[in-house]
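Enquirer: Model the structure of this input:
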Amino acid sequence: MIVIIDTREKLPFQFEKNINTVRTKLEVGDYSLKGYEHRVAIERKSLDDFIGSTIHDRERFKKNLSHLAGLDHKAIVVEASLKDVFMHRYKSKTHNQAVFGIAAAITGKWQIPVFFWENHAYAQMMVEKYLRSVWDSYEG
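Expert: Okay, here's the model as predicted:
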């Protein structure tokens, strides 16, 4: 399995040693699988970036959602917990219920799951497992 990491990814995940990675510009998302770039994409966001993208850079993000929605395997992974949202542990003045609503709308309207994982390490672990599962479904 070769994981492709977008060149614009500023804090890339460090996957297990048995997973090879390649840095290249992806059309959509931050992570994909070599040979399946047009079928698989994971978009990684910090909580502040998720809110900024969905509230303040909405039009650009809608285009990104449109591209993601057309893929077979896609997800948005937010490096924060739902408690972080509930406790308003982000810079924006956006109400926490609006953040929950945005995540639900993305999942409902665009059929793109939005996962909240507590921190970078948990997000990395889950993305690795998700990509491994997808890889196995294609190559297994």
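
Enquirer: and the lowest-mean-pLDDT helix or strand in the chain, how far from the chain's centre?
Expert: Lowest mean confidence among the helices and strands of the chain (mean pLDDT, DSSP states H and E): helix 58-69, at a mean of 94. Computed by Cα atoms, centre = their mean, to the nearest Å, the chain-centroid distance of helix 58-69 equals 13 Å.

Enquirer: ok, and what's touching it?
Expert: The contact list for helix 58-69, computed with Cβ atoms under 8 Å, 6 or more residues apart in numbering, reads 27-29, 41, 43, 53-54, 74, 76, 106, 110-112. For the C-beta atoms, the positions are set from N, CA and C on the backbone; glycine is no exception.

Enquirer: Repeat that for stretch 120-133.
Expert: So stretch 120-133 is contacted by 1, 3, 11, 13-16, 19, 31, 33, 40, 42, 44, 73, 75, 77-79, 115, 117 (Cβ under 8 Å, 6+ apart).

Enquirer: could I get it in CSV with only the CA atoms?
Expert: Extracted C-alpha coordinates of stretch 120-133, given in CSV (Å, rounded to 0.1, in the frame of the first residue of the first chain):
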residue,chain,number,x,y,z
HIS,A,120,-3.5,14.5,15.6
ALA,A,121,-2.4,11.0,16.8
TYR,A,122,-5.9,9.6,16.9
ALA,A,123,-6.8,11.1,13.6
GLN,A,124,-3.6,9.6,12.1
MET,A,125,-4.4,6.2,13.5
MET,A,126,-8.0,6.2,12.1
VAL,A,127,-7.0,7.5,8.7
GLU,A,128,-4.3,4.8,8.5
LYS,A,129,-6.9,2.1,9.4
TYR,A,130,-9.5,3.6,7.0
LEU,A,131,-7.0,3.7,4.1
ARG,A,132,-5.8,0.1,4.9
SER,A,133,-9.4,-1.1,4.8
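
Enquirer: what are the ranges of the strands in this structure?
Expert: Using DSSP state E, the strands of the chain run over 2-5, 20-23, 31-33, 40-46, 73-79, 114-117.
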